[in-house]
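Asker: Need a 3D model of the following:
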Amino acid sequence: MQGLHLTADLYGCGCAGHASGPALLVDAARLAALCADVVGRAGLTVVDEKFFTFPPYQGEPGGVTGAVLLAESHLALHTWPERAGVTLDVYVCNFSTDNSGKAEQVLSDLIVAFAPAQQNTNRILRGSADPESGSDELLLEWLNPDSAYGYRVRRRLETLHSRHQRIEVFDTHQFGKLFRLDGAFMTSERDEFFYHEPIVHCAAIAHPAPRRALVIGGGDGGSSEELLKHPGIERVVMAELDPEVIRISREYLGQVHRGAFDDPRLQVHVGDGFEYTRSTGETFDLIVLDLTDPDTPAARLYTPEFFQMARRALAPGGAITLHLGSPVYQPQRVSRLLADLHTVFPIVRPMGLFIPLYGAYWGLAVVSDSLDVCAVAPDVVEQRLAQRRIGDLRLYNPAMHSALFALPNFYRELLPA
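Answerer: You can find the predicted model right below:
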């Protein structure tokens, strides 16, 4: 059953270039001949076929439904002459050989024959080379209603529905073990440093002597692991909503947290980060909001109310870091969050970089009452990295510290006036 499934919805079909023109939409014999022709030219094997013409309705000619059974699977179509429309469905099995190119050719030739004014097409990978492991599954994530990207996996390791969300772990060709929540990619073994290093070290290095840190979310342990690289850190509190995320991370994501859960300086608090921040009497030099997106259960942690609460939990000279979303695919979200942050904090420093797992140029920010990460010179960054003996970094360095805050013009246009 592994194969490629193609669908297309065609509108305003003029059937230009075809001998019967628009009449093709109501002529079962000509449609059957057209399908036989394109299937034959693609090198697929016809087993049987059936075409049926519906009777006229309210003075309009009826459409045609047709199906061509193939040794490789099927081709089906439905015509809607009153709308000059056609729906197409091509599915080929790739069990013994890859027939994907043949399916693409059939669909393309039919679209050319019907000559639509508009069309929508979809491509679906069906089945798996190994159903038991789920190998060759294609994972897609939507960045907005019009844009998606994805990765092929070796196998699915675990899937569960916790009280709060759907949790999935995969072994992938590109990034090793990959973790996602409610269909959104969170982190992976091989690219986690693109996210965790800047969201931690820009603020941690700018701070002259961070001792206490709070991570809201961050159940994969990646942000905590980066914080614990600073030898002056005495205490990190991780407030993670979902205990299943921590279990999954301990079991599968050792290359992300690198044993951080076993460090005595880390205290894991399982519960609502909003309520923890509201009730804590402790103050922190660094707060990392390592959250899912604003359209998830974390929504109220992206509000001015929560930003005010987090500000009260900051020690003097402290800073908060968070991710904003993609300025390319989610500009309204990024603009709104920056505006909300500016209503609470005197210093708001947005940054940006491409994060491979997220498939986009991504926005983050460091905010504070008094600590300006952009005022830290590269030689100071270099000096503090050396003094703290932090060398196990793959992205962050003195030059990158400045570069992360150098925003392209389209991103700067999202900033509040």
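Asker: number of nearby residues for the closest residue to residue 84 other than its chain neighbours?
Answerer: Nearest in space to residue 84, with sequence neighbours left out and distances taken as C-beta to C-beta, 6 or more residues apart in numbering, is residue 13 at 4.8 Å. Where C-beta positions appear, they are placed from N, C-alpha and C, glycine not excepted. Close neighbours of residue 13, defined as other C-beta atoms under 10 Å, add up to 26.
Asker: and residue 13, what element?
Answerer: For residue 13, there is no enclosing helix or strand under DSSP states H and E.
Asker: How is residue 236 assigned, secondary-structure-wise?
Answerer: Using DSSP: H, G, I helix; E, B strand; the rest coil, the three-state assignment for residue 236 comes out as strand.
Asker: Distance-wise, check it relative to residue 293.
Answerer: From residue 236 across to residue 293, the span is 23 Å (C-beta to C-beta, to the nearest Å).
Asker: Those two: which has the busier surroundings?
Answerer: Neighbours were counted for residue 236 and for residue 293 using other C-beta under 10 Å; residue 236 has more, 25 against 16.
Asker: The more buried one contacts residue 230, doesn't it?
Answerer: No - the criterion here is C-beta atoms under 8 Å, and residue 236 misses it with residue 230 at 9.8 Å.
Asker: which SS class is the spatially most central residue of the chain?
Answerer: When the chain is reduced to its mean C-alpha position, the closest residue under C-alpha atoms, centre = their mean turns out to be residue 141, at 4.2 Å. Using three-state DSSP, the structure places residue 141 in strand.
Asker: I'd like to check which residues are in contact with it.
Answerer: By C-beta atoms under 8 Å, 6 or more residues apart in numbering, the contact list for residue 141 reads 148, 149, 150, 180, 183, 184, 185, 359.
Asker: Where does the first one fall, secondary structure wise?
Answerer: Same thing as residue 148. Assigning secondary structure by DSSP H and E places residue 148 in strand 147-161.
Asker: how about that strand as CSV, C-alpha atoms only?
Answerer: The C-alpha coordinates for strand 147-161 follow below in CSV (Å, rounded to 0.1, in the frame of the first residue of the first chain):
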residue,chain,number,x,y,z
SER,A,147,2.9,27.2,3.9
ALA,A,148,4.2,23.8,5.2
TYR,A,149,7.4,21.9,5.3
GLY,A,150,8.5,18.5,6.6
TYR,A,151,10.8,15.6,7.0
ARG,A,152,10.8,11.9,6.3
VAL,A,153,11.3,9.6,9.3
ARG,A,154,13.1,6.3,9.8
ARG,A,155,10.6,5.1,12.3
ARG,A,156,8.1,6.3,14.9
LEU,A,157,9.4,5.6,18.4
GLU,A,158,6.4,6.6,20.5
THR,A,159,3.0,8.4,20.3
LEU,A,160,0.8,9.2,23.2
HIS,A,161,-1.9,11.6,24.3
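Asker: what does it contact?
Answerer: Residues outside strand 147-161 that contact it (C-beta under 8 Å, 6+ apart) are 130, 133-143, 166-175, 177-178, 244, 248, 252, 329, 359-360.
Asker: any idea how far that strand is from the chain center?
Answerer: What separates the centre of strand 147-161 from the centre of its chain is 11 Å, taken as C-alpha atoms, centre = their mean, to the nearest Å.
Asker: what angle sits between the next helix or strand after that strand and strand 147-161?
Answerer: Following strand 147-161 in sequence order, the next helix or strand is strand 166-172 (DSSP H and E). Using axes from the mean of the first three to the mean of the last three C-alpha atoms, to 10 degrees, the direction of strand 166-172 lies 110 degrees away from that of strand 147-161.
Asker: What's the end-to-end length of stretch 260-269?
Answerer: From the first residue to the last, stretch 260-269 extends over 14 Å; the measure is C-alpha to C-alpha, to the nearest Å.
Asker: So which bits of that stretch are buried?
Answerer: Of the residues in stretch 260-269, those buried by neighbour count under the rule 16 or more other C-beta atoms under 10 Å are 260, 261, 263, 266, 268.
Asker: Could you export the residues you listed as TSV, including distance to residue 90?
Answerer: Compiled in TSV, the buried residues of stretch 260-269 are given as follows (distance: C-beta to C-beta, whole Å):
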residue	distance to residue 90
260	49
261	49
263	55
266	53
268	51
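Asker: now, which of the residues you listed sits nearest residue 283?
Answerer: The shortest separation between residue 283 and any of those is 18.1 Å, and it belongs to residue 266 (by C-beta to C-beta).
Asker: Quick check, the closest one in contact with residue 238.
Answerer: Yes - contact between residue 266 and residue 238 holds when scored by C-beta under 8 Å: they sit 6.4 Å apart.
Asker: Mutual contacts of these two, please.
Answerer: Shared between the contact lists of residue 266 and residue 238 (criterion: C-beta under 8 Å, 6+ apart) are residues residue 224.
Asker: low pLDDT regions in this protein?
Answerer: Across the chain, the stretches falling below the confidence threshold (pLDDT under 70) are 1, 16-21, 128-136.
Asker: same thing but at 50, please
Answerer: Within the chain, the set of residues satisfying pLDDT under 50 is empty.
Asker: And the chain, what are its domain boundaries?
Answerer: As given by automatic domain parsing, the domain ranges for the chain are 3-126, 138-188, 193-412.
Asker: which one of the ones you listed is the most hemmed in?
Answerer: With neighbours defined by mean count of other C-beta atoms under 10 Å, none of the domains of the chain is more surrounded on average than domain 193-412, at a mean of 19.
Asker: hmm, back to that, what's the distance between the residue nearest to residue 84 and residue 259?
Answerer: Computed with C-beta to C-beta, the distance linking residue 13 and residue 259 is 61 Å.
Asker: what does residue 364 give?
Answerer: Where residue 259 is concerned, residue 364 sits at a distance of 25 Å (C-beta to C-beta).
Asker: and if you look at residue 296?
Answerer: 28 Å.
Asker: what does residue 311 give?
Answerer: 32 Å.
Asker: Residue 352 too?
Answerer: Residue 352 is 31 Å from residue 259, where distance means C-beta to C-beta.
Asker: what do you get for residue 8?
Answerer: In this view, residue 8 and residue 259 are 51 Å apart by C-beta to C-beta.
Asker: How about residue 23?
Answerer: Between residue 23 and residue 259 the computed distance is 72 Å (C-beta to C-beta).
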